[in-house]
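Novice: My questions concern the predicted model and sequence given below.
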Amino acid sequence: MTSMSYEILSPERQTTSVVFASPHSGRDYPEDFLRVSVLDESSIRSSEDAFVDDLFASALEFGAPLLRARVPRAYVDLNRSADEMDPALVEGVRRSAHNPRITSGLGVIPRVVANGRAIYRGKLTLAEAHARIDRCWRPYHTALQAQLNATHRMFGEAILVDCHSMPHEAVDCIARAGAKRPDVVIGDRFGASSDGGVVDRIEDAFTAAGLHVVRNAPFAGAYVAQHYGRPSRRQHAVQIEIDRSLYMDEARIVPNPDFDAMRAVLRQVVGRIADIGRRSDLPLAAE
């Protein structure tokens with residue numbers, strides 16, 4: 001299934017309660033958006049989780065669906081609440097309680113890309129902001145909730161793995177503190193968005209593949225984990241952040257020589273994560 005804002009890649013038969021999603025890998029940049037931006041076509045992609053959807057596409061081999069964004073993060077951020085409007089960018093928006101994402105320019109309609117570079121010269125109208133949300137944000141989240149609902153009906157639970165990438169320097173603070181630099185950061189909002197046993201097994205999947213993992217620092221999970229993580233209802237949401245330098249040239253936004261090897265490693269990881277949703281106490285999906 002495909003729309004302007006997303007595409008759902010579905011296996012021939014869903015055999016696991018795990019659903020993968022990639023909300024920041026979209027790269028269909030509207031022409032009118034590029035015309036009004038002050039950034040060049042390379043700079044505007046700096047916030048993009050480039051190639052993450054490709055890295056996790058093996059989900060289908062293991063009976064799990066993959067929901068991937070088509071709309072780019074710089075246009076609409078699908079990992080923000082629809083009401084996280086930035087008054088410094090959108091006309092007619094009132095300042096509300098302090099929100100560090102909005103303050104830094106990373107609301108649902110971002111004002112900046114990586115390193116705080118401004119996207120626009122001036123402000124957007126409130127009508128334009130609402131139109132983007134209606135065209136892009138709402139369809140993506142409607143599709144995601146529908147996928148989770150269908151999965152829950154089949155298996156009695158749903159496990160959302162929300163896939164992202166992080167700049168290499170994002171974990172400099174950990175390295176400076178003397179700890180080993182992590183390859184992967186798992187976010188479960190400090191236990192609020194997922195059952196601990198699920199998170200343990202996701203972490204085990206990465207560590208078994210030789211990757212160093214930390215939890216919740218510096219990324220604990222944003223809107224998707226907060227909104228969809230309902231462990232008491234057996235709907236779990238876990239955010240994954242992978243160091244971009246492991247598979248891409250961050251400056252040029254192209255795969256690096258290790259890309260294929262990293263994709264092979266992640267195929268093993270995806271298979272192990274998919275197995276979490278095939279526990280013996282869950283019913284098999286209908287044929």
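Specialist: Nice, I can see it. Numbers count the residues shown, from 1 in each chain.

Novice: what pLDDT does residue 139 get?
Specialist: For residue 139, the pLDDT comes out at 97.

Novice: Equivalent analysis for residue 20, please.
Specialist: According to the prediction, residue 20 has pLDDT 98.

Novice: One more: residue 256?
Specialist: pLDDT for residue 256: 98.

Novice: Quick one: residues contacting it.
Specialist: Contacts here follow CB atoms under 8 Å, 6 or more residues apart in numbering; on that basis residue 256 touches 245, 247-249. C-beta coordinates here come from the backbone N, C-alpha and C atoms, glycine included.

Novice: cutoff 7 Å now
Specialist: Residues near residue 256 by CB atoms under 7 Å, 6 or more residues apart in numbering: 247-249.

Novice: Turn those residues into TSV, including neighbour count.
Specialist: Below are the contacts of residue 256 laid out as TSV (neighbours: other CB atoms under 10 Å):
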residue	neighbour count
247	24
248	22
249	14
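
Novice: closest to residue 29 among these?
Specialist: Residue 29 lies nearest to residue 248 out of these, by CB to CB, at 18.2 Å.

Novice: want to try a markdown table for the contacts of residue 256, with secondary structure as columns?
Specialist: Putting the contacts of residue 256 into a markdown table (DSSP: H, G, I helix; E, B strand; the rest coil) gives the following:
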| residue | secondary structure |
| --- | --- |
| 247 | coil |
| 248 | strand |
| 249 | strand |
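
Novice: okay, and for the stretch 1-150 of the chain, where does confidence drop off?
Specialist: Under the criterion pLDDT under 70, the flagged ranges of the stretch 1-150 of the chain are 1-2.

Novice: Kindly export stretch 44-57 (C-alpha atoms) in PDB.
Specialist: Taking C-alpha atoms only, stretch 44-57 is exported to PDB below (Å, rounded to 0.1, in the frame of the first residue of the first chain):
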ATOM      1  CA  ILE A  44      18.300  19.800   3.300                       C
ATOM      2  CA  ARG A  45      18.900  16.100   3.500                       C
ATOM      3  CA  SER A  46      21.100  16.300   6.600                       C
ATOM      4  CA  SER A  47      18.300  15.400   9.000                       C
ATOM      5  CA  GLU A  48      17.200  12.500   6.900                       C
ATOM      6  CA  ASP A  49      17.600   8.900   8.200                       C
ATOM      7  CA  ALA A  50      19.000   8.000   4.800                       C
ATOM      8  CA  PHE A  51      18.900   4.400   3.800                       C
ATOM      9  CA  VAL A  52      17.400   3.100   7.100                       C
ATOM     10  CA  ASP A  53      14.400   1.700   5.200                       C
ATOM     11  CA  ASP A  54      16.800  -0.200   3.000                       C
ATOM     12  CA  LEU A  55      18.700  -1.500   6.000                       C
ATOM     13  CA  PHE A  56      15.500  -3.000   7.500                       C
ATOM     14  CA  ALA A  57      13.800  -4.100   4.300                       C
END
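
Novice: who's in contact with that stretch?
Specialist: Residues from elsewhere that reach stretch 44-57, judged by CB under 7 Å, 6+ apart: 9, 20, 22, 24-25, 27, 37, 66, 68, 72-74, 110, 113-114, 119, 163-165, 247-248, 253, 255, 262-263, 266, 270.

Novice: now what about stretch 91-104, what contacts it?
Specialist: Stretch 91-104 is contacted from outside by 80, 84-87, 107, 123-126, using CB under 7 Å, 6+ apart.

Novice: give me every residue that touches the residue lying closest to residue 268 once chain neighbours are set aside.
Specialist: Distances taken as CB to CB, 6 or more residues apart in numbering put residue 209 closest to residue 268, at 5.2 Å, once the chain neighbours are dropped. Going by CB under 7 Å, 6+ apart, residue 209 touches 265, 268-269.
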